[in-house]
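Engineer: One predicted model, sequence on top.
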Amino acid sequence: MDGTFKTVPTLFRQLYSIHAPPGRNVNSRIVPLVYALMSVKSETLYQRLFQELNEWAEENGLELKPDFVLTDFEKASINAVKSEFPSAKSKGCHFHLGHNVYRQIQDAELTKKACKRSDFGLLIRHIPALAFLRPLEIPDGFDAVKTLLPSDAEPIIQWFENNYVCGRVKRTFRNGTVQRHDSLHPPEMWSVFDNTEFAFSRSQNKVEAWHRRWETLIARPHVGIFTMIKQIQKKQNQVEMAIEQSMRGESARKKRKEDVNREIRIQNIIADRDNRSTIDFLRGIAHNLSLQIFVIFIKKNLKNLKKEENL
């Protein structure tokens, strides 16, 4: 589930789409099944959307009981999923986790260091690598990672600890005991350990790719509502063809060789987990996250840095 904003009519805030495989086969392609033009991004409106879907399913003799629901880290949609699909595991997209870490790198003015010093970039990537641990292992793993990071990464460490691991400090007692608020995004939400074990996607990259293709198709911002509906109908015809291809046993598009090889390396590291210390395991994963999460942003920033140096 995710939203796109650029192309929507000015009456609306976003086009929200829900994607899923048309069958239980893990090799099934991921296709958009629901499109919703939303005027606001509120928990109430997300709940209304999911309630409408459940009512439609009931009227048609169906029951919507997803095992997993993958979203970004928008709290409104997460809460609505928990409310309307209580049996589903709500999981945060791993790509968005890495993206959020990178934003903190920018805020801490460490972009140049991350781009030009591969050792610092590798150490920072230990943070999104934590997601490959079991949720209960993540706090200790994070403590181990903190000892590796340099002092100028302290703002990033504090932000991640407050929002993704332990929660913000509520009170510190005289004996040194710390009382904390609940974490905004607890480890069980963004750990991808279950995703890997049950062959469930770790990220919404396919959804993001669909949104990019959609924006290319529309080709201009804030089109009229009738144009939007017409393009959705055209796109849905392609989706129905893709579903038929899946029904007759055709596999999804082949992944790029680079992506396949990276996934094999990650699976090899996971299989070797019992023979590695936590830090060695995280370092192995971090090596394989460089292209997956950071390279797009780093390439863009390297270009900007070169321009600055030439001024």
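Structural biologist: Good, I have the coordinates.

Engineer: What's the first helix or strand after whichever strand or helix holds Ile229?
Structural biologist: Element membership for Ile229, per DSSP states H and E: helix 225-247. Under the assignment DSSP H and E, the closest C-terminal helix or strand after helix 225-247 is helix 257-271.

Engineer: now that next one, how far from the centre of its chain.
Structural biologist: 19 Å (C-alpha atoms, centre = their mean, to the nearest Å).

Engineer: That one packs against which elements?
Structural biologist: helix 278-287 (3 or more C-beta pairs under 8 Å, 6 or more residues apart in numbering; DSSP states H and E). In short, each C-beta sits where N, CA and C put it, glycine included.

Engineer: what residues does the helix it packs on touch?
Structural biologist: Helix 278-287 has contacts (C-beta atoms under 8 Å, 6 or more residues apart in numbering) with 122-123, 125-126, 128-130, 132-133, 137, 140-141, 144-145, 148, 266, 269, 273, 276.

Engineer: what about burial for those, which qualify?
Structural biologist: 122-123, 125-126, 128-130, 132-133, 137, 141, 145, 266, 269 (16 or more other C-beta atoms under 10 Å).

Engineer: Okay, now the unreliable bits of the stretch 101-250 of the chain?
Structural biologist: Low-confidence segments of the stretch 101-250 of the chain (pLDDT under 70): 115-118, 196-211, 217, 219.

Engineer: rewinding a little: show me which parts of the helix holding Ile229 are buried, residue by residue.
Structural biologist: 228, 231-232, 235, 239, 242-243, 246.

Engineer: Considering these, which is situated nearest to Gln51?
Structural biologist: Ile232 (21.5 Å; C-beta to C-beta).

Engineer: didn't that closest one look like it was pressed against Tyr35?
Structural biologist: Yes - if you go by C-beta atoms under 8 Å, Ile232 and Tyr35 touch, sitting 5.3 Å apart.

Engineer: Pull the distance from stretch 225-239 to the chain's centre.
Structural biologist: Relative to the centre of its chain, stretch 225-239 is centred 26 Å away, using C-alpha atoms, centre = their mean.
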